[in-house]
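[1] fold the following and give me the result.
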Amino acid sequence: MRDLRRQQMLTISDVAAQARISRGMLSKIENGQVSTSLDTLAKLAAALGISLGRLFANYDVPGGGAQLVKAGEGMQVVRRGTKRGHTYHLLAYDKGPKKTFEPFLVTMDDASEVFPSFEHPGMEFIYVLEGRIEYRHGKQTYLLDPGDSLSFRGEIPHGPERLIETPIRLLSVITYGPTDDV
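    Numbers count the residues shown, from 1 in each chain. Just a heads-up that it's a prediction; the model follows:
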């Protein structure tokens, strides 16, 4: 409350008079020395020209904990295909007992081979950043250029059918539902 008051360059006297409470009471409220009624808080919010909800906007907000992976620092992981010229860089990881998603930066070069198929639980989304690839899902193939995306169910056989222009870099995000075993 004090920060909001100071941002508006209002004095304790200004806000207290507008809210019809004493300056001493407002000072105690701002310093956390007293609990007050919702009615008084509503009057203070009105005096500051904000909603009651805005008054509590930053109250008890979790500290965060986002994961930052700087360019080129994604953990290289071994997955099916790694032996054949594909590299997989994990861009984030879930903490806890069950994964909900896996984002990878996949790179394929001239030495890469195509695969008979991949299968896994969940949904997969791929987004081509560089190169051209013919990608198979089930019995259908899709020609993908930079900027193209493809999403599909992971339990249906899928994978690169033909590497047309290398190097190929694509973002692959696999999401898992509550019943998927990972």
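[2] drop to CA atoms for contacts and neighbour counts, all remaining ones
    OK.
[3] if I look at the residue nearest to the spatial centre of the chain, how far off is residue 13?
    For the chain, residue 66 is the residue whose C-alpha lies nearest the centre (Cα atoms, centre = their mean; 7.9 Å). Residue 66 sits 41 Å away from residue 13, going by Cα to Cα, to the nearest Å.
[4] again, but for residue 133
    Taken as Cα to Cα, the span from residue 133 to residue 13 is 69 Å.
[5] higher neighbour count, the two?
    residue 133 (25 against 15; other Cα atoms under 10 Å).
[6] quick check: closest non-adjacent residue to the more buried one.
    residue 163 (4.8 Å; Cα to Cα, 6 or more residues apart in numbering).
[7] wasn't that neighbour part of a strand?
    Yes. Counting by DSSP: H, G, I helix; E, B strand; the rest coil, residue 163 is located in a strand.
[8] follow-up on the earlier one: need the three-state assignment for the residue nearest to the centre of the chain.
    coil.
[9] try residue 102
    Looking at residue 102 with three-state DSSP, the answer is strand.
[10] what sits against it?
    By Cα atoms under 8 Å, 6 or more residues apart in numbering, residue 102 lies in contact with 90-94, 173-175.
[11] and which of those residues is nearest to residue 137?
    residue 174 (14.7 Å; Cα to Cα).
[12] from residue 47, how far out is that closest one?
    50 Å.
[13] those two: which is more packed in?
    Applying other Cα under 10 Å to residue 174 and residue 47 shows that residue 174 carries more neighbours, namely 21 against 18.
[14] pull out the buried residues from the helix or strand containing that one.
    Element membership of residue 174 [criterion: DSSP states H and E] is strand 158-175. Buried residues in strand 158-175, counting neighbours by 16 or more other Cα atoms under 10 Å, are found at 158-163, 166-175.
[15] packing partners for that strand?
    Strand 158-175 is packed against strand 101-108, strand 123-137, with contacts defined by 3 or more Cα pairs under 8 Å, 6 or more residues apart in numbering; DSSP states H and E.
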